[in-house]
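Chemist: With the input below, show me the fold.
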Amino acid sequence: MSIDNVTARIGQIQARLAQFATAPTSATGFANQLTTETVTASAAGGTPTDAAGVGGDDVVAEARKYLGLPYVWGGTNPEKGMDCSGLVKVVYRNLGYDLPRVSNQQAQAGRPVASMADAKPGDLIAWDNSSRNNGVDHIAIYIGDGKMIEAPRTGLDIRIVDVPSTPDVIRRILPDGASAANTPARGAAARVSEGTPYAGLINAAAARTGVPGELLAAVAKQESGFNPRAVSPAGAQGLMQLMPGTARGLGVENPFDPAQAIDGAARLLRSLIDRFGQTDLALAAYNAGPGAVARYDGVPPYRETQNYVRNVMAMVND
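Modeler: Sure, this is the predicted structure:
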C-alpha cells in the first residue's frame with residue numbers, strides 16, 4: 001500500500017472513530033475558580049442549549065490559553081499537545097460546544113460565512129490543501145484583524161499568524177445576537193469619585209468597555225479590599241483576583257499590576273454581561289464560572305456565590 005493510500009485510510013479511520021467519540025468534560029476556570037462546570041451543548045450544527053450563548057471573544061481567550069503548546073498529530077491533550085482539529089475541539093468543548101473531532105467534519109458544523117469580510121472572531125477557517133484527504137485538512141480559529149490561532153504541523157507550536165490565504169471554508173459556530181436585556185450601556189459609564197482607590201484606572205476602563213465604574217470598584221473592594229498584592233487560598237491574584245489561567249486568557253501579563261488587572265476584569269465583566277444579559281448573573285459567573293450560571297439558569301445555589309452577588313450589588317445600589 002502506498003504512502004498516499006495509508007494517509008487516506010488513516011483519515012477515514014479518524015472520521016469513523018469521531019462519529020462514536022464522546023467529549024469528556026473539561027474544566028474552565030474564571031475569576032475565583034469556585035466551580036469547574038461547563039455548559040452542555042448539541043453537536044447538531046454547533047448550536048448551544050443555553051440561551052445566553054458564548055461570544056467570539058470567549059473563543060479567542062480560550063484558544064490563547066494554548067499558545068506555545070506543541071503540535072501533536074492526533075492530539076487532544078491540553079497538557080501535552082494538539083493538532084489543528086484537536087485545538088478546535090478542545091477550545092469549543094471548554095465553552096460548551098461538542099464539535100466533531102476531525103477537521104473535515106468540523107468544517108461542516110455551524111453556518112457558512114460568505115467571505116473573510118464577514119468573518120468574526122471565533123469563526124472557523126479551513127483549507128483543503130491536499131487531494132489525499134476527503135474535505136479540508138487544516139482548520140484554525142479566526143481572531144480578527146486578519147489573524148488566526150492554529151496548530152500548524154509537527155515541529156511547530158500552537159501560534160498566532162496572519163491568515164495565509166483565502167480559506168476554502170468559513171464556518172460560524174456561535175449563535176448570532178446574544179441577548180442584551182438589562183445590559184449596562186457602553187460609553188461614558190457611571191464614574192467613581194476621585195476619592196475611590198484607583199479611580200483614574202477604573203474610570204478609564206469603564207469608558208473603554210461600558211462597564212460602570214461603580215461596578216468595577218465594587219468588585220475590586222469585594223475581591224481584594226483594593227489590595228493589589230492580594231492572593232487568595234485558591235491562587236487568585238491581585239486587585240481583581242484573577243486566576244492565572246483567566247489572566248493569561250485575557251492577555252493580562254501581570255495581575256498584580258492594577259492597570260492590567262482592572263482592564264482585564266472590565267473586559268471579562270463586559271463579556272459576561274453581554275453573554276448573560278444581567279449584572280447579577282455576570283457577577284455570579286465572575287465568581288463561580290459561566291458554566292455554573294448556565295447550568296442552574298441563574299445564580300448558582302452556592303452560599304459563597306450568593307453572598308458575593310448580594311454584597312457587590314448592594315455596594316452598586318447604595
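
Chemist: now the strands for the stretch 1-150 of the chain?
Modeler: Applying DSSP state E, counting those that start in this stretch to the stretch 1-150 of the chain gives strands spanning 76-77, 81-82, 111-112, 124-127, 138-144, 147-150.

Chemist: Reformat those as CSV; add mean neighbour count.
Modeler: Glycine gets a C-beta too; all of them are placed from N, C-alpha and C. Output for these, formatted as CSV (neighbours: other C-beta atoms under 10 Å):
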stretch, mean neighbour count
strand 76-77, 16
strand 81-82, 23
strand 111-112, 13
strand 124-127, 24
strand 138-144, 24
strand 147-150, 22
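
Chemist: for the spatially most central residue of the chain, what are its contacts?
Modeler: When C-alpha atoms, centre = their mean is applied to the chain, the residue found nearest the centroid is residue 58 (2.6 Å). Neighbour list for residue 58: 95, 122, 271, 275 [criterion: C-beta atoms under 8 Å, 6 or more residues apart in numbering].

Chemist: my read: the second one touches residue 141, true?
Modeler: Yes - the pair residue 122 and residue 141 qualifies as a contact (C-beta atoms under 8 Å) at a distance of 6.9 Å.

Chemist: which residues are common contacts for the two?
Modeler: Common neighbours of residue 122 and residue 141 (criterion: C-beta under 8 Å, 6+ apart): 59-60.

Chemist: now, which of the contacts of residue 58 sits nearest residue 80?
Modeler: residue 95 (21.0 Å; C-beta to C-beta).

Chemist: can I assume residue 136 is in contact with residue 168?
Modeler: Yes - assessed by C-beta under 8 Å, residue 136 is found in contact with residue 168 at 6.2 Å.

Chemist: Which of the two has more residues huddled nearby?
Modeler: More neighbours surround residue 136 than the other of residue 136 and residue 168, with 26 against 15 (other C-beta atoms under 10 Å).

Chemist: distance of the more buried one from residue 258?
Modeler: 45 Å (C-beta to C-beta, to the nearest Å).

Chemist: Check residue 126 too.
Modeler: From residue 126 to residue 258 the distance is 41 Å (C-beta to C-beta).

Chemist: same check, this time on residue 58
Modeler: Residue 58 is 24 Å from residue 258, by C-beta to C-beta.

Chemist: list the helices and strands the helix or strand containing residue 204 packs on?
Modeler: Per DSSP states H and E: residue 204 is located in helix 199-209. Applying 3 or more C-beta pairs under 8 Å, 6 or more residues apart in numbering; DSSP states H and E, we find helix 199-209 packed against helix 213-224, helix 258-276.

Chemist: which stretch among the ones you listed comes nearest residue 87?
Modeler: Closest approach to residue 87 among the helices and strands packed on helix 199-209 (C-beta to C-beta): helix 258-276, 20.8 Å.

Chemist: For the closest residue to residue 111 other than its chain neighbours, give me its contacts.
Modeler: Distances taken as C-beta to C-beta, 6 or more residues apart in numbering put residue 172 closest to residue 111, at 5.0 Å, once the chain neighbours are dropped. Going by C-beta under 8 Å, 6+ apart, residue 172 touches 110-113, 120, 122-124.

Chemist: ok, 10 Å please
Modeler: 46, 56, 109-113, 118-120, 122-124, 142 (C-beta atoms under 10 Å, 6 or more residues apart in numbering).

Chemist: same thing with residue 193?
Modeler: Applying C-beta under 10 Å, 6+ apart, the residues near residue 193 are 199, 203, 213-214, 217.

Chemist: Over to residue 216?
Modeler: Residue 216 sits in contact with 189-190, 192, 196, 198, 201-203, 205-206, 209, 239-240, 262-263, 265-266, 269, 316, where contact means C-beta under 10 Å, 6+ apart.

Chemist: and what of residue 107?
Modeler: So residue 107 contacts 85, 88, 100, 124-128, 135-139, 167-171 (C-beta under 10 Å, 6+ apart).

Chemist: so how far is residue 148 from residue 156?
Modeler: From residue 156 across to residue 148, the span is 14 Å (C-beta to C-beta).

Chemist: do residue 306 as well
Modeler: Distance from residue 306 to residue 148, by C-beta to C-beta: 40 Å.
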